[in-house]
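[1] how would this look folded up:
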Amino acid sequence: MVSGFFKTLGLRSKKNVLLSPLAGKVIPLSEVKDQTFAAGLLGRGVAIEPTGNKVVAPSDCKVEAIFPTGHAVALHTSEGMDVLIHIGLDTERLAGKFFNVRASIGDTVKRGDVLIEFDRDAIKDAGYDVTAPILICNVVEFASIKGNVGDTVEELDELITARER
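    Numbers count the residues shown, from 1 in each chain. The predicted structure is shown next:
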């Protein structure tokens, strides 16, 4: 009975931390110039205005999906988070140009492994927003999801804290 009370208050729930798969400035999803992401329809999290040119595995995880155009990857982390990393807005229209995928569907990767390399400047020069939403898609499994909005992060800095129900 007492343990249920503590769990209700969130005092015994497990805290999971998602590390940043990209370097850059962290902004709220609500500021992303794409309503699907801004409204949280695909999951909750943050977005990064990248300063680098690669996406690394934020955790030991399994690659669940990589879009054929190389602009997005879906992962299942060892901590139990289903994560979507989407590089840029409408960048699927580039049909893979400026993206170099380094992982495959079904791969088990280690924290820090390079998953995708991209040419940030070329994507910008082609007229695309390079803002990268980082989403936790299995939100129903978490009581709260909080990102380090306003921070500038390097790869593998703490990015999102998700507290289990």
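[2] Residues in a beta bridge with the residue nearest the centre of the chain, which ones?
    The centroid of the chain falls nearest to Ile134 when counting by CA atoms, centre = their mean (2.5 Å). On the basis of DSSP bridges, Ile134 is bridged to Val46, Ile85.
[3] Check the gap between it and Leu159 for me.
    Noted for Ile134: a distance of 7 Å to Leu159, by CB to CB, to the nearest Å. In short, each C-beta sits where N, CA and C put it, glycine included.
[4] quick one: low-confidence parts of this protein?
    Scanning the chain for pLDDT under 70 picks out 1-12.
[5] so what's the spatially closest residue to Val109 that is not a sequence neighbour up against?
    Of all residues not flanking Val109 in the chain, Ala57 sits nearest, at 4.4 Å (CB to CB, 6 or more residues apart in numbering). If you count contacts by CB atoms under 8 Å, 6 or more residues apart in numbering, Ala57 has them with Pro21, Leu75, Ala103, Val109, Lys110, Arg111, Gly112, Asp113, Leu115.
[6] buried ones in the strand or helix carrying Asp121?
    Applying DSSP states H and E as the criterion places Asp121 in helix 120-125. Residues of helix 120-125 classed as buried under the neighbour-count rule (16 or more other CB atoms under 10 Å) are Arg120, Ile123.
[7] Brilliant, that's me finished.
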